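S.K.: Here is the input, now give the coordinates:
(one chain, ligands or ions: 2)
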Amino acid sequence: DISTDFFRRLPKAELHLHLEGSIRPETAFELAQKNGVALLKPGQDLADLYDYDDLAKFLNAYTAIAGVVLSADDFHRVTYEMLEDCAVSGARHVEFFISPHAHDVSFDVQFRGIRRGMAEARDALGISCFMAPGINRELGPEAAEVYFDTCAQLGGDDMAGVGLDYFEAPYPPDPFAPLYDRARAAGYQVTAHAGEGGPAAYVAGAMDALGCRRIDHGYAVMDDPALVARCREAQILFTCCPSTTKYTTHWRDLTDPDHPIRKMKEAGLNVTINSDDPPFFFTTLAQEYEIAYRDMGFTLADIKASILQGIQGSWLSQDQRVALA
Ligand code: HPA
Ligand code: ZN
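M.R.: Numbers count the residues shown, from 1 in each chain. Ligands and ions are numbered 1, 2, ... in the order given. Coordinates of the predicted model:
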């Protein structure tokens, strides 16, 4: 049988990953102690924190962990460690979301640390990376405009795009259309979480209202055959995350023949494999590939195709994509 090491060695791009969701539990624990943040309630241990069975409860844990990262050095550390973990899983290129609004820390401090972490990872690990602020859709479109502008002022060349995340339904993508228009006009790439907790109409909305050609998760697309056909024609890229579905959706069994990631692949959609919030879902990027192969009906040819589609759908330049493929 094929070993985890095989999946680790495959050179690949990671396109759906959250900085705060990548913080190693031991680092979270250390930073909480150093910064005097009460991460655990009396009588709780770390395992109690990593215990959730829906998107809302997961986001509570994510927000609690985000709260331990305070100084620029802290942001530097968690960024570097995240990219180091990606490199161990065979990632050569990483595009990750950040949630600056989840911290009670000035954006200036956050970006300083994150950008230093990225620079160090490029030097020390030989990987390329971009970040994109994830817009917390719960904040609404007006707050999102200010938030995006603040990030754009601080992000420089490291900020390649913008994303939309957090609790999905009932927050449709459409109200964010003016912001996405502005972001695209300014040269930013765009993507959005859709069809994880929301309906197929939100996947269509991310395409039509926000101009996305890349969708994070997208599972509900399978509820709308006409939309499946449209996404196939348009070669929309779906950044899928197998283990996430066990905790944030009702697809708890990854071997289920009706699991949407399997169905999306069978329907001929462009599906890449990603890790989202690896320690929160007890996984790694390499392990997500192993799961796709072992549990979700991906052949080695499917694995190769999804890696190449991920590189092709990344925000690297054409020359860089050719070099990576
Ligand atoms: N969905 C929505 N928001 C998120 C996720 C997710 O899977 N991970 C981190 N923030
Ligand atoms: Zn995500």
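S.K.: Is V69 in a helix, a strand, or coil?
M.R.: coil (DSSP: H, G, I helix; E, B strand; the rest coil).
S.K.: That one and E20 touch, don't they?
M.R.: Yes. Counting by C-beta atoms under 8 Å, E20 is a contact partner of V69 at 7.4 Å. Yep, even glycine has a C-beta here, placed from its N, CA and C like the rest.
S.K.: neighbour-wise, which of these two wins?
M.R.: Between V69 and E20, counting by other C-beta atoms under 10 Å, V69 is the more crowded of the two (28 against 25).
S.K.: Distance check, the more buried one against ligand 1.
M.R.: 15 Å (C-beta to the nearest ligand atom, to the nearest Å).
S.K.: which residues touch that residue?
M.R.: E20, I23, L31, F75, V78, H103, V105 (C-beta atoms under 8 Å, 6 or more residues apart in numbering).
S.K.: Likewise for Y293?
M.R.: Contacts of Y293 (C-beta under 8 Å, 6+ apart): I2, F7, T299, L300, I303.
S.K.: Scan the protein for its longest helix.
M.R.: Ranked by residue count and defined by DSSP state H, the top helix of the chain is helix 107-125.
S.K.: before we move on, the earlier item: any shared contact partners between V69 and E20?
M.R.: Common neighbours of V69 and E20 (C-beta under 8 Å, 6+ apart) are V78.
S.K.: Okay, strands next: where are they in the protein?
M.R.: 12-14, 91-98, 128-136, 161-165, 189-190, 192-194, 214-217, 237-240, 270-273 (DSSP state E).
S.K.: Would you mind listing the residues in contact with Y202?
M.R.: With C-beta under 8 Å, 6+ apart, Y202 has these contacts: E168, A169, P172, P173, A194, G195, A220.
S.K.: any idea which of those is the one closest to V146?
M.R.: P173 (18.7 Å; C-beta to C-beta).
S.K.: Return the residues in contact with that closest one.
M.R.: Counting by C-beta under 8 Å, 6+ apart, P173 has contacts R137, L164, A192, A194, Y202, G205, A206, A209, L210.
S.K.: which two from those end up farthest apart in space?
M.R.: Longest span within the contacts of P173, C-beta to C-beta: R137 and A209, 12.6 Å.
S.K.: Neighbour count for those two, which is higher?
M.R.: Shown here are R137 and A209; by other C-beta under 10 Å, R137 has more neighbours (25 against 19).
S.K.: Give me the pLDDT for the more buried one.
M.R.: Note for R137: predicted pLDDT of 97.
S.K.: what's the answer for L46, then?
M.R.: Reported pLDDT at L46 in the predicted model: 89.
S.K.: Show me what the residue in the chain positioned nearest to ligand 1 bridges to in the sheet.
M.R.: When scored by C-beta to the nearest ligand atom, the chain has D165 as its residue closest to ligand 1, at 3.7 Å. Under DSSP bridges, the beta-bridge partners of D165 are N136.
S.K.: how about the nearest residue to F111 once chain neighbours are set aside, what does it touch?
M.R.: Counting by C-beta to C-beta, 6 or more residues apart in numbering, F111 lies nearest to L154, which is 3.9 Å off, once chain neighbours are set aside. Listed by C-beta under 8 Å, 6+ apart, the contact set of L154 reads F107, D108, F111.
S.K.: How about the contacts made by the second one?
M.R.: Listed by C-beta under 8 Å, 6+ apart, the contact partners of D108 are L154.
S.K.: mind checking how far it is from N136?
M.R.: 19 Å (C-beta to C-beta, to the nearest Å).
S.K.: and what of the last one?
M.R.: F111 is 17 Å from N136, where distance means C-beta to C-beta.
S.K.: Of the two, which one has the most company?
M.R.: The residue with more neighbours, out of F111 and N136, is F111; 24 against 21, by other C-beta under 10 Å.
S.K.: I'd say the more buried one and A152 touch.
M.R.: No. Using C-beta under 8 Å as the test, F111 is too far from A152 to be in contact (10.6 Å).
S.K.: Tell me the buried residues in the worst-scoring helix or strand of the chain on mean pLDDT?
M.R.: Least confident helix or strand of the chain, by mean pLDDT, DSSP states H and E, is helix 46-49 with a mean of 93. By neighbour count with 16 or more other C-beta atoms under 10 Å, helix 46-49 contains the buried residues L49.
S.K.: what's that helix packed up against?
M.R.: With contacts taken as 3 or more C-beta pairs under 8 Å, 6 or more residues apart in numbering; DSSP states H and E, helix 46-49 sits against helix 25-35, helix 55-66.
S.K.: Now the shortest one: buried residues?
M.R.: Taking 16+ other C-beta under 10 Å as the neighbour-count basis, helix 25-35 is seen to contain the buried residues T27, A28, F29, L31, A32.
S.K.: and the first one, what pLDDT?
M.R.: Think T27. For T27, pLDDT reads 98.
S.K.: Could I get the contacts of P173 in a markdown table, plus columns for distance to G310?
M.R.: Formatted as a markdown table, the contacts of P173 follow (distance: C-beta to C-beta, whole Å):
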| residue | distance to G310 |
| --- | --- |
| R137 | 24 |
| L164 | 20 |
| A192 | 17 |
| A194 | 18 |
| Y202 | 22 |
| G205 | 23 |
| A206 | 18 |
| A209 | 25 |
| L210 | 20 |
